[in-house]
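> Sequence plus the predicted model coming up.
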Amino acid sequence: MLGKGVESTDRMAPNASDSLMSTPPAALSIQQSRAPASARGTGVADALSSVVVLVADGLRHDDLTGAIARGDVPTLAQLRSEGGLHCITTAFPSVTGVAYAPFLVGRHPGSVGLPGLRWYDRSRRISRLRGNARSYVGIEFREVDRDLDATQPTMFELARPSLGALSVIARGLPRKARIGGSVGFAARAGWTHFRGDVEGWLAIDRDVADRAIERIARERPRYAFVALTGIDKTSHAAGCDAPAVLKALQTVDATARRIREDAERDGRWEGMHIWIVSDHGHSPVGAHDDIAALLRSLGWPVLAHPWTFATRRRASANVAVMVSGNAMAHLYLDLARRERAFWPALTSQWSALVDALLERRSIDLVLLPHGDGKVAIHSRERGSAIVESLGKWHSYRPQSGDPLGLGDVAEHGVTEEEAHDITLYSDYPDALVQTARIAACARSGDVVLSAARGWDFRGRYEPIPHVSSHGALHRDHMLVPLLVNRVTNSIPRRTVDLMPSALDALGIACPPEVEGMSFL
């Protein structure tokens, strides 16, 4: 397990401060150096070129490498030998749905208006009946496409024809090209979710996979995005080490095998890129610290899900607590304001709240946005620092301490690539870029919380107890695998790299706003 420590693909390291700190970045990737020419990515597309992205939702990088080493997933092992297995970083918040944005839009969630699974709308565009708040858990998941930056094209809009299965982001995808979007499927998924039915989720994964495999073979889409959520659901319910998690991973393996067999049979394999990736990791939870209940106990009227609909008492709320994953949260202060006020303007009124939060063992980091791309990071025991982003130039300046454990390596500024590489072996991979992106999002909270290991921020109202969670900024949640069937021309770094790479493979021009880089 990763936190459990960090893992390279060719060896295990017992913890984040251990031997990986001195390992070069390339050691987190394995590629077949002498792959046949037909397996090498050329970046030149032809009529048979296609891309299939299988999202093994919630899969940890070390759990995949462990399963490969044990021989549990032979198809994925073969793909690794032909292409490569890379350890990359996902986006913050590391939460299903919003963390799909990098795959399908090529930008970080905050950059396209998706700050979390739940958020508060200062603009009041969301109706008062909903508490001016959004939750993508339940029926409002259909609002993601509307909330997403309308100026940013999706993969489904750029690559036609496309196919999507269980894709939370579906803009540009015709209804007939969507798997799992019907009312009947939603009812089945909801019933399975609220019962905490682990076997039911495994059955849903198999059904979705069967439908996707058949349609990819029959319709031959240029781009297919297939999300299999069994690993995430079983991890929440039974723990990320549970036998059911391996069963869910073996469904991913079987899906890749059958897609490959069909493609080899009808001559499509030579032009097919198949990528297996995850949107976030997981880590065990031993205790829940309900932030909404905490603030109420300290005297602040609070708005929080699931009880956000308008009442006189909730209309008096002065703080909105919006939890995602459940290991991160946005806090919105002074709800009467319709304009965002950055932290320097809030200090006098709200510093006591931040002091109270920093006393909690459950809270690892408190992020206070100071402006677009500038954020103060506070830790109870490790002090504070300032992260600032100017375009693709990032700096980290320790103030009263070193909360990210980076020292002064980025005090004078580093490039986007350097910012990734110097943080990769820390406990907070890619933290400079990720914190700057979330601070710049107009829909983010005035205070952003990242949970400590072993904790999350929501125990009540969950249909089943969460024994494993995600969403935080630490490496157990931020490191994810990327398995490719062809050797890449450069080492992938982030999940935002998948979209420009897919466009490259298909010979489609990449929109200039995309924040990733093609690894082809």
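Nice, thanks for sending it over. Numbering: from 1, shown residues only.
> Okay, now the unreliable bits of the protein?
1-47, 310-315 (pLDDT under 70).
> domain ranges for it?
When the chain is parsed with automatic domain parsing, its domains come out as 1-11+56-113+158-282+470-520, 288-463.
> Run me through the strand neighbours of the one helix or strand His273 maps to, direction for each.
Using DSSP states H and E, the element containing His273 is strand 272-277. When pairing is defined by DSSP bridges, strand 272-277 lines up against strand 50-56 (parallel), strand 479-484 (antiparallel).
> With respect to Leu498, which of these lies nearest?
Closest approach to Leu498 among the strands paired with strand 272-277 (C-beta to C-beta): strand 50-56, 6.7 Å. C-betas here are computed from N, CA, C, even on glycine.
> the strands in the stretch 301-450 of the chain, which residues?
Listed in chain order, the strands of the stretch 301-450 of the chain (DSSP state E, counting those that start in this stretch) span 302-304, 319-324, 328-333, 363-371, 374-379, 383-390, 393-398, 414-415, 447-451.
> Next, format those as CSV and append mean neighbour count and distance to Val487.
Putting the strands of the stretch 301-450 of the chain into CSV (neighbours: other C-beta atoms under 10 Å; distance: least, C-beta to C-beta, whole Å) gives the following:
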stretch, mean neighbour count, distance to Val487
strand 302-304, 24, 48
strand 319-324, 28, 36
strand 328-333, 26, 35
strand 363-371, 22, 37
strand 374-379, 23, 37
strand 383-390, 19, 32
strand 393-398, 20, 30
strand 414-415, 16, 25
strand 447-451, 27, 35
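> Distance to His108 added to the ones you listed, as a markdown table?
Supplementary listing: these in a markdown table, determined by distance: least, C-beta to C-beta, whole Å:
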| stretch | distance to His108 |
| --- | --- |
| strand 302-304 | 25 |
| strand 319-324 | 14 |
| strand 328-333 | 14 |
| strand 363-371 | 15 |
| strand 374-379 | 14 |
| strand 383-390 | 11 |
| strand 393-398 | 13 |
| strand 414-415 | 17 |
| strand 447-451 | 14 |
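> Hmm, Leu357 is touching Val448, no?
No - look at Leu357 against Val448 with C-beta atoms under 8 Å: they stay out of range, at 10.8 Å.
> Helices of the stretch 351-500 of the chain, residue ranges please.
Applying DSSP state H, counting those that start in this stretch to the stretch 351-500 of the chain gives helices spanning 416-423, 431-440, 475-478, 498-506.
> among those helices, which is nearest Gly110?
For the helices of the stretch 351-500 of the chain, distance to Gly110 was read as C-beta to C-beta. The smallest value, 4.5 Å, belongs to helix 431-440.
> which secondary structure elements does that closest one contact?
With contacts defined as 3 or more C-beta pairs under 8 Å, 6 or more residues apart in numbering; DSSP states H and E, helix 431-440 has these neighbours: strand 363-371, strand 374-379, strand 383-390, strand 393-398, helix 416-423.
> got those as TSV, with distance to Gly164 columns?
What follows is the helices and strands packed on helix 431-440, written out as TSV (distance: least, C-beta to C-beta, whole Å):
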stretch	distance to Gly164
strand 363-371	32
strand 374-379	34
strand 383-390	32
strand 393-398	33
helix 416-423	28
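> What separation is there between Arg361 and Gly454?
Plainly put, Arg361 is 9 Å away from Gly454 if you go by C-beta to C-beta, to the nearest Å.
> quick one, which of these two is more surrounded?
Gly454 (15 against 11; other C-beta atoms under 10 Å).
> circling back to that earlier point, now list whatever residues contact both of Leu357 and Val448.
With contacts taken as C-beta atoms under 8 Å, 6 or more residues apart in numbering, the residues that reach both Leu357 and Val448 are Val366.
> returning to what we had before: out of the strands paired with strand 272-277, the one nearest Pro153 is which?
strand 50-56 (15.8 Å).
> Pull the distance from the closest one to the chain's centre.
Once both centres are worked out by C-alpha atoms, centre = their mean, to the nearest Å, strand 50-56 turns out to sit 16 Å from its chain's centre.
> and it with helix 498-506, angle?
150 degrees (axes from the mean of the first three to the mean of the last three C-alpha atoms, to 10 degrees).
> following strand 50-56, which helix or strand shows up next?
Of the helices and strands lying after strand 50-56 in sequence (DSSP H and E), the nearest is helix 61-70.
> okay, that following helix in PDB with CA atoms only?
Below are the C-alpha coordinates for helix 61-70, written out as PDB (Å, rounded to 0.1, in the frame of the first residue of the first chain):
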ATOM      1  CA  HIS A  61      -1.000   3.000  -8.300                       C
ATOM      2  CA  ASP A  62       0.600   0.500  -5.900                       C
ATOM      3  CA  ASP A  63      -2.400  -1.700  -5.900                       C
ATOM      4  CA  LEU A  64      -2.100  -2.100  -9.700                       C
ATOM      5  CA  THR A  65       1.600  -2.800  -9.600                       C
ATOM      6  CA  GLY A  66       1.000  -5.400  -6.800                       C
ATOM      7  CA  ALA A  67      -1.700  -7.100  -8.800                       C
ATOM      8  CA  ILE A  68       0.500  -7.200 -11.800                       C
ATOM      9  CA  ALA A  69       3.400  -8.700  -9.800                       C
ATOM     10  CA  ARG A  70       1.100 -11.400  -8.300                       C
END
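> For it, buried residues please.
By 16 or more other C-beta atoms under 10 Å, the buried positions in helix 61-70 come out as His61, Asp62, Asp63, Leu64, Thr65, Gly66, Ala67, Ile68.
> To Thr234, which of the strands of the stretch 301-450 of the chain lies closest?
For these, proximity to Thr234 was assessed by C-beta to C-beta; strand 319-324 is nearest, at 19.7 Å.
> which residues are contacting the closest one?
Against strand 319-324 from outside (C-beta under 8 Å, 6+ apart): 93, 95, 98, 116-120, 131, 133, 291-292, 295, 300-305, 329-333, 335, 353, 445, 457-458, 471.
> what do you get if the cut-off is 7 Å, keeping everything else the same?
Residues from elsewhere that reach strand 319-324 (C-beta atoms under 7 Å, 6 or more residues apart in numbering): 93, 95, 116-120, 133, 291-292, 295, 300, 302-304, 329-333, 335, 445, 457-458, 471.
> Please apply the same query to stretch 331-340.
Taking contacts as C-beta under 7 Å, 6+ apart, the residues outside stretch 331-340 that touch it are 120, 122-124, 303, 317-321, 346, 350, 442, 445-447, 449.
> do the same with stretch 147-159
Applying C-beta under 7 Å, 6+ apart, the contact partners of stretch 147-159 are 104-105, 107, 112-114, 134, 162, 164, 169-173, 222-223, 225, 499, 502-503, 506, 508, 511, 513.
> gap between the two ends of that stretch?
Taking C-alpha to C-alpha, to the nearest Å, the first and last residues of stretch 147-159 lie 21 Å apart.
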